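# Would you be able to build a 3D model of this:
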Amino acid sequence: MSQHDYLIANATYPTVRSDINNALGAIVTLNSGSTEPSTTYAYMYWADTTTNTLKQRDSGNSAWKIRGTLDVDTVISKSAAYTVDLSDFNKTILCDAISAAFTITLPAAATASDGFCVILKKTDSGANAITIDGNGTETIDGDLTPELTDQYDSKMIVCDGSNWNIIAQVVSSGTGDSIIKGDTSVVCTDTGSDGVVTVKTDNATCGVFSKNGILSLARQSGCSAYLSADQTNIVNTTDTLVNLNTVNYDTLSEFNTSTHRFTATEAGKYLVVGNITWVENTLVADKAIYTRIRKNGSAIVNAINQIAVNASASPISSTATAILDLSAGDYVELSAFHTMGVNTPDIDGAALRGLTYMDIQKIA
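The predicted structure is shown next:
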């Protein structure tokens, strides 16, 4: 271990030779010593044997930056409270809290300086948590004391000189590995023969990829509502709301069976299919019946399938289909219209979906 000012003074042999050898010795030992070299240069290295770290001078030759550890072991284990040392630069610290919970305390950010990195991982399967604590009021991604709670949870933490930042983390949650940032996560789960990837936002599942590449959108709007009993005496030439009162499914609880309408919670394109079936013996021959899809009450978005009705022994149906551009808060209803000239036609309802219904699915 040696240090040198790297200035070879004029002298006679063997003084010059000794001076050169000392300079070479300082180079090959990275200017190692318990104190910094008395003469420093921009970008020079110093093996600090006091903190057991490799440091480098900055470009302005005004400060040292930690570049690595001098320790042989870069993976260490802890089972009790521990304060991260400067020599733990770029180390992985395996934490075993099976006996008791404990805290890993980070060094002062100003001391660690920007770029200091450490990886913390919980290895035991117990319920005791590992708490990560910054120095004083210093935070880790804005949190004073984040935790590792499940076996194999881990966090890679990097200092910016003032606070600490989580660059990557894995959260097992007991069922799989996750990459998490805030309330957004990607969870990989392997349950033997079926591995899946789950994407969450705001801590709620929004998509699942199966091992066969099939994507299920858990939070994609979709519902199917139907009329469970006949709706009678539909007034002539009057746009009449169909009282869809039973839900077959409703992914995001957007259909209200009291108001008989679907209200979008997210803006997007929605495929809407509505079908109305009329009770055959309440119709008048050669008149028209309509199925209509309404947006926001008064606006009739689509009216199709005008059908000439003849006396028949079976119910008569008409279907309307539309792709609607909805904003959050827009609502959709199914309405009926006819030109029978009387106010006695009835809409056919049933205990099972299939006669009069409206299906909605968000497609974009």
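# Please count neighbours and contacts with C-alpha atoms only from this point.
Will do.
# what does the helix or strand where residue 65 lies contact?
In the assignment (DSSP states H and E), residue 65 maps to strand 64-69. The contact list for strand 64-69 (Cα atoms under 8 Å, 6 or more residues apart in numbering) reads 52-58, 86-90, 112-113, 115-116.
# Quick one: list the elements packing against the helix or strand that that strand is followed by.
On the C-terminal side of strand 64-69, the closest following helix or strand by DSSP H and E is strand 75-78. Applying 3 or more Cα pairs under 8 Å, 6 or more residues apart in numbering; DSSP states H and E, one finds that strand 75-78 contacts strand 92-95.
# picking up where we left off before, which one of the contacts of strand 64-69 sits closest to residue 295?
residue 115 (55.7 Å; Cα to Cα).
# Now do the same for that closest one: its pLDDT.
Residue 115 carries a pLDDT value of 93.
# burial of the residue lying closest to it once chain neighbours are set aside, as a residue count?
Spatial nearest neighbour of residue 115, chain neighbours left out: residue 159 (5.5 Å); criterion: Cα to Cα, 6 or more residues apart in numbering. A count of neighbours around residue 159, defined by other Cα atoms under 10 Å, yields 24.
# residue contacts, the residue nearest to residue 295 when sequence neighbours are not counted?
Nearest residue to residue 295 in three dimensions, chain neighbours excluded: residue 332, at 4.7 Å (Cα to Cα, 6+ apart). Taking Cα under 8 Å, 6+ apart, we find residue 332 in contact with 261, 262, 263, 293, 294, 295, 296, 297.
# how about 10 Å then?
Taking Cα atoms under 10 Å, 6 or more residues apart in numbering, we find residue 332 in contact with 255, 260-264, 272, 293-297, 299-301, 324, 326, 358, 360.
# For the stretch 1-150 of the chain, which segments count as helices?
15-28, 109-112 (DSSP state H, counting those that start in this stretch).
# again with the stretch 251-364 of the chain
Using DSSP H, counting those that start in this stretch, helices in the stretch 251-364 of the chain do not occur.
# Does the residue nearest to residue 115 touch residue 108 like I think?
Yes: contact status for residue 159 versus residue 108: in contact at 9.4 Å, counting by Cα atoms under 10 Å.
# Nearest to residue 343, out of the helices of the stretch 1-150 of the chain?
Short answer: helix 109-112, nearest of the helices of the stretch 1-150 of the chain by Cα to Cα, at 80.1 Å.
# Please enumerate residues in contact with the closest one?
Against helix 109-112 from outside (Cα under 10 Å, 6+ apart): 65-66, 84-87, 89, 106, 115-116, 134-135, 138-139, 158-164.
# returning to that earlier point: pairing partners for the strand holding residue 65, with directions?
strand 53-57 (antiparallel) (DSSP bridges).
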